[in-house]
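# Here's a sequence, model it:
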Amino acid sequence: MRFQWLFLACSTAAFAQSFEASVSGGQTVIPAKSATIGTVGTSPTSDPYKMTDGWRLGARMTLNQWRFMGHEFGYMYSRTGVDIPASASAAGGGTAPVQPGSAGTVIASSHLSVPTHQGFYNFLVYAAPEGFIVRPFVTGGVQFTAFSQPNDYGNRETKYGVNYGAGVKVKVKEPWGFRLDVRQYNMGKPFHLSNNSGRLLMWEISGGISFML
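Numbering: from 1, shown residues only. Okay, here's the model as predicted:
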């Protein structure tokens, strides 16, 4: 009898687990307060380099191991950018912020694309148990973010950080559903520029299609 109860308990635990695979796309939004990643000159008042918003695509795999909780692993590819301020090429070499009457060649401001690869693990806590059609959730986890150098996509700099957010999963028709996610990724700023300080915040606003087992 004891073995029968043990078998039933294990069967129930195994049945409670469900697997999800999803693909998502959306927007990467970088708040203005954290967009500055350095300056042209060594002075803190020099013109800044600023990261800009972009688009993102990725995939997630979720194992809902308990009725109200689960684990998630994923990968996201994001294409953001950097605004480069105008600078002047001085007679003695190097660059400096553009000043009235600057000597030398003025280099116009520009925008460079920055491909970003991101991998993450998150823990999910649901507001509704496994089996419900609509399941809001909150989440937190860790990630690495590999920033490609502008115009040198083979040269990457990796930053590590944490992320947190919320979302909702909706089952439409077996085994298909959709999900919406809003998350903030918190990490160090890339590229080792002058006056590079503080944390870089990247918001994810995305929607996706899910395959649920």
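
# buried ones in stretch 132-141?
For stretch 132-141, a neighbour-count test (16 or more other CB atoms under 10 Å) marks Arg135, Phe137, Thr139, Gly141 as buried. In this view, the C-beta of every residue, glycine as well, is placed from N, C-alpha and C.

# can you give me the helices in this structure?
Here the chain has its helices, by DSSP state H, at 2-16.

# Nearest residue to the middle of it?
Tyr185 (5.3 Å; CA atoms, centre = their mean).

# Against Ile107, how distant is that one?
32 Å (CB to CB, to the nearest Å).

# what packs against the longest strand seen in the chain?
Ranked by residue count and defined by DSSP state E, the top strand of the chain is strand 152-173. Packing partners of strand 152-173 (3 or more CB pairs under 8 Å, 6 or more residues apart in numbering; DSSP states H and E): strand 110-126, strand 134-149, strand 176-188, strand 199-212.

# For Thr105, report the pLDDT, please.
Per-residue pLDDT puts Thr105 at 59.

# Enumerate every residue touching the nearest residue to Gly188 once chain neighbours are set aside.
Distance criterion CB to CB, 6 or more residues apart in numbering; nearest residue to Gly188, sequence neighbours excluded, is Lys159 at 4.7 Å. Lys159 makes contact with Phe144, Thr145, Phe147, Met187, Gly188, Lys189, Pro190, Leu200 under the criterion CB atoms under 8 Å, 6 or more residues apart in numbering.

# Sort out which of these are buried, if you could.
Thr145, Phe147, Met187, Gly188, Lys189, Pro190, Leu200.

# Would you indicate which residues of stretch 161-170 are buried?
Neighbour-count burial for stretch 161-170 [16+ other CB under 10 Å]: Gly161, Asn163, Gly165, Gly167, Val168, Lys169.

# what about stretch 36-47, distance to the chain center?
The chain centroid and the centroid of stretch 36-47 are separated by 25 Å, computed with CA atoms, centre = their mean, to the nearest Å.

# what's the answer for stretch 107-126, then?
5 Å.

# CA atoms only for it, dumped as PDB, please.
Extracted C-alpha coordinates of stretch 107-126, given in PDB (Å, rounded to 0.1, in the frame of the first residue of the first chain):
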ATOM      1  CA  ILE A 107      33.800  65.000 -37.800                       C
ATOM      2  CA  ALA A 108      30.000  65.000 -38.100                       C
ATOM      3  CA  SER A 109      27.800  63.300 -35.600                       C
ATOM      4  CA  SER A 110      26.700  59.800 -36.600                       C
ATOM      5  CA  HIS A 111      24.700  56.800 -35.500                       C
ATOM      6  CA  LEU A 112      26.200  53.300 -35.300                       C
ATOM      7  CA  SER A 113      24.400  50.000 -35.000                       C
ATOM      8  CA  VAL A 114      25.100  47.700 -32.000                       C
ATOM      9  CA  PRO A 115      24.000  44.100 -32.200                       C
ATOM     10  CA  THR A 116      23.500  42.500 -28.800                       C
ATOM     11  CA  HIS A 117      23.300  38.800 -27.800                       C
ATOM     12  CA  GLN A 118      21.500  38.000 -24.500                       C
ATOM     13  CA  GLY A 119      21.100  34.800 -22.600                       C
ATOM     14  CA  PHE A 120      19.100  34.500 -19.300                       C
ATOM     15  CA  TYR A 121      17.600  32.400 -16.600                       C
ATOM     16  CA  ASN A 122      14.400  33.500 -14.800                       C
ATOM     17  CA  PHE A 123      12.300  32.200 -12.000                       C
ATOM     18  CA  LEU A 124       8.500  32.600 -12.500                       C
ATOM     19  CA  VAL A 125       5.700  33.000  -9.900                       C
ATOM     20  CA  TYR A 126       2.200  32.800 -11.300                       C
END
